[in-house]
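Visitor: coordinates only, sequence not included:
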């Protein structure tokens, strides 16, 4: 049976597939629209399997709050061209609507929910697979986060559907909720407060702080020794720089050899004489700075001019006792 342009357009309207793919499916189905629809959907499964190892660095992130339940979700894909399509954004919204209505707690639950796709009620997981077949890109759901209760505010950073946040306050305050949600988007806190930072993160940060402090103290003594020897420490701060500066004539070979010897011997001597109490105290100071920069309530509030306040102080100034109860953040870039 000959395939007509009207049939191709009809199949395209029904499935969203490209003209060439619709023509191919109709030809194989001998003009049977219903069979052609199934072929397009089956190819969605094949494309999803074929592209399973691809990277999904683009997509659409949306957030919603309704009836005491807030959620955000990301439908990820390979290119921004696909991610910015109206049909793609609509599918993401349909999935989010279903998740909020069902008060789904996990991504696994979301995948089992039902959405209307191409006029048919199908599982979310199947709808994503079918859409993947239509556009020819790998797709996957990610970044599903929820908050429950009152006074929750959502924020879509710059309305670009690439980064969303949820913020819950202790009391209703729309302006404060919006601004703190913006703070979360901009400043990427790792936890609500110091007590909420995972122990594994604290241990790793302390380990890094101690290591950096040791290195700085050793380098300080090396620099003193280099200065006494008449060698510019800035010219010998790495082996690559030493070789480069000798080649450029900025450092004599004699000074280069002298510097290598000083660095080697003084580093060992200095490491053996470090004041451990001092190291620990400096490391604790580094940790205090880490908490201030990375805990939401202790961060410097970014969205008001004048005297700088922490987020906690700024909220209290808006309404006595106003606090952040919880927050969630998801970005397609992974930051």
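Guide: Received the coordinates, thanks. Here the structure is a predicted model, which is why all the values come from computation and not from measurement.
Visitor: Please enumerate the helices of the stretch 51-200 of the chain.
Guide: Secondary structure of the stretch 51-200 of the chain by DSSP state H, counting those that start in this stretch: the helices cover 80-83, 86-102, 107-112, 124-135, 174-187, 199-228.
Visitor: which of the ones you listed has the lowest average pLDDT?
Guide: Lowest mean pLDDT of the helices of the stretch 51-200 of the chain: helix 124-135, a mean of 87.
Visitor: and it, which residues are buried?
Guide: Neighbour counts over helix 124-135 (16 or more other CB atoms under 10 Å) mark 124, 126-135 as buried. To be clear about C-beta, it is placed using only N, CA and C from the backbone, and glycine gets the same treatment.
Visitor: Nearest to residue 11 among those residues?
Guide: residue 134 (11.3 Å; CB to CB).
Visitor: That closest one contacts residue 25, correct?
Guide: No - with contact defined as CB atoms under 8 Å, residue 134 does not reach residue 25; the gap is 11.5 Å.
Visitor: quick check, nearest of the buried residues of helix 124-135 to residue 150?
Guide: residue 124 (27.7 Å).
Visitor: check contacts around that closest one.
Guide: Neighbouring residues of residue 124 by CB atoms under 8 Å, 6 or more residues apart in numbering: 95, 98, 110-115, 141.
Visitor: May I have the residues that are in contact with residue 91?
Guide: Residues near residue 91 by CB under 8 Å, 6+ apart: 75, 115, 117, 127-128, 131.
Visitor: Quick check: the farthest pair among the contacts of residue 124?
Guide: Of all pairs drawn from those, the one with the longest distance (CB to CB) is 114 and 141, at 14.7 Å.
Visitor: So what does residue 85 have for phi and psi?
Guide: Taking degrees, to the nearest 10, you get phi -70, psi 140 for the backbone angles of residue 85.
Visitor: Buried residues, the host helix or strand of residue 20. List them.
Guide: Residue 20 is part of helix 19-28 when elements are defined by DSSP states H and E. By neighbour count, and taking 16+ other CB under 10 Å as the criterion, the buried residues in helix 19-28 are 21-26.
Visitor: Please identify which of those is nearest to residue 317.
Guide: residue 21 (58.6 Å).
Visitor: what does the model give the closest one for pLDDT?
Guide: Value listed for residue 21 in the pLDDT field: 76.
Visitor: which sections of the protein are below the confidence cut-off?
Guide: Low-confidence regions of the chain, defined by pLDDT under 70, span residues 1, 15-18, 43-54.
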